[in-house]
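**Student:** generate coordinates for the sequence data below:
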Amino acid sequence: MSVQERRAVSARRESLLGDEPGAFAVARFVRVTPMKARRVVDLVRGMGIDDALATLKFAPQAAAATVYKVVDSAAANAEGTEHLSRADLVVTKAFVDEGPTLKRHRPRAQGRATRIDKRTSHITVVVGPRAEEETAKPAADAKKADGKKAAEKKGRTR
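**Tutor:** Reported below is the predicted structural model:
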């Protein structure tokens with residue numbers, strides 16, 4: 001790899017994807033707590049792009065709107081920069097890091113004050129093409145089902 005090619009690949013992309021095809025998107029300083037954002041991100045990890053967007057569109061959590069935008073942006077990045085088909089994309093990695101906490105004070109009784117922490121998040125979503133193993137999975141599941149049927153015929157069940 002020449003020096004010029006090395007400069008073209010960002011360190012962030014290198015750490016998230018390596019030499020794999022795919023793209024990523026990051027939303028930083030989002031005003032939602034990391035714990036709440038992780039609940040939503042866990043819903044879509046490993047899903048296809050269209051399924052993930054449909055799930056996020058109808059998820060009742062407030063963080064789902066932001067995660068929807070990040071997933072959609074990552075898919076658009078993969079289409080634009082890597083020339084990958086949107087139908088073949090899968091959310092390969094998705095994680096939430098804690099951002100800076102805004103510290104505020106609330107007046108309380110007898111002249112006291114308590115601290116209110118307003119937490120922020122950094123949401124990262126990585127998308128990549130669907131692996132060949134996933135397309136071969138239904139054939140393996142069919143063999144497993146055939147094995148169960150044969151065992152049931154013999155009178156044995158698991």
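**Student:** what about the strands in this protein?
**Tutor:** Remark: strands assigned in the chain by DSSP state E are 23-30, 89-98, 102-107, 113-118, 121-129.
**Student:** averaged pLDDT, the third one. What do you get?
**Tutor:** This points to strand 102-107. Average pLDDT, strand 102-107: 97.
**Student:** for the fourth one, same thing?
**Tutor:** Over the span of strand 113-118, the pLDDT mean works out to 97.
**Student:** who touches that strand?
**Tutor:** Taking contacts as C-beta atoms under 8 Å, 6 or more residues apart in numbering, the residues outside strand 113-118 that touch it are 31, 101-108. C-beta: built from backbone N, CA, C; applies to glycine.
**Student:** closest to Glu79 among these?
**Tutor:** In terms of C-beta to C-beta, no member of the contacts of strand 113-118 lies closer to Glu79 than Arg31, at 28.7 Å.
**Student:** what's near enough to touch that closest one?
**Tutor:** Counted by C-beta under 8 Å, 6+ apart, Arg31 has contacts 118, 120.
**Student:** do you know how far the residue lying closest to Val44 once chain neighbours are set aside is from Arg86?
**Tutor:** Closest residue in space to Val44, ignoring its immediate chain neighbours: Ala52 at 3.9 Å, by C-beta to C-beta, 6 or more residues apart in numbering. Note on Ala52: its distance to Arg86, by C-beta to C-beta, to the nearest Å, is 12 Å.
**Student:** tell me which of these two has more neighbours.
**Tutor:** Ala52 (26 against 13; other C-beta atoms under 10 Å).
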